[in-house]
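K.L.:
no sequence on this one, just coordinates:
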């Protein structure tokens, strides 16, 4: 699920994170397994953003997930 994904994303090294982000694995997983095309598109935007640090791209992905799946307080 997405909560486990976020936990794993925080624990993986930057090189591995970038590999999976840049190869489209994250967007593909969102599209095919989570069945959320809009979240996949958000991941693709992050994927295509040049010069974004791994920590920043993780934050962007986390923000996209939380925006869609976290209930307002």
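P.N.:
Arrived safely, thanks for sending. Bear in mind the structure is a predicted one, so any value in this text is a computation, not a measurement.
K.L.:
Tell me where the chain is predicted with low confidence.
P.N.:
For the chain, applying pLDDT under 70 flags the ranges 71-73.
K.L.:
how about the helices of it, start to end?
P.N.:
Along the chain, the segments classed as helices by DSSP state H run 2-11, 14-22, 25-32, 37-48, 54-69.
K.L.:
mind listing what the spatially most central residue of the chain touches?
P.N.:
Geometric centre of the chain, nearest residue: residue 61, 3.7 Å, by CA atoms, centre = their mean. Contacts for residue 61 (CB atoms under 8 Å, 6 or more residues apart in numbering) come out as 9, 21, 26, 42, 43, 46. Where you see a C-beta, it was placed from the backbone N, CA and C, and this is true even at glycine.
K.L.:
Select, from these, the two members most distant in space.
P.N.:
Farthest apart among these by CB to CB are 9 and 42. That separation is 14.1 Å.
K.L.:
Give me the neighbour count for residue 56.
P.N.:
The number of residues packed around residue 56, counting by other CB atoms under 10 Å, is 12.
K.L.:
sorry, back to before: neighbour-wise, which of the contacts of residue 61 leads?
P.N.:
The residue in these with the most neighbours, by other CB under 10 Å, is residue 43 (25 neighbours).
K.L.:
hmm, back to that, got the contacts of residue 61 as TSV, with distance to residue 35 columns?
P.N.:
Shown next, in TSV, are the contacts of residue 61 (distance: CB to CB, whole Å):
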residue	distance to residue 35
9	19
21	20
26	15
42	14
43	14
46	19
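K.L.:
Contact partners for the closest residue to residue 65 other than its chain neighbours?
P.N.:
What sits nearest to residue 65 in space, not counting adjacent residues and going by CB to CB, 6 or more residues apart in numbering, is residue 2, at 5.3 Å. Applying CB under 8 Å, 6+ apart, we find residue 2 in contact with 34, 65, 69.
K.L.:
what's stretch 64-72 in contact with?
P.N.:
Here stretch 64-72 makes contact (CB under 8 Å, 6+ apart) with 2, 5, 6, 36, 38, 39, 42, 43, 46.
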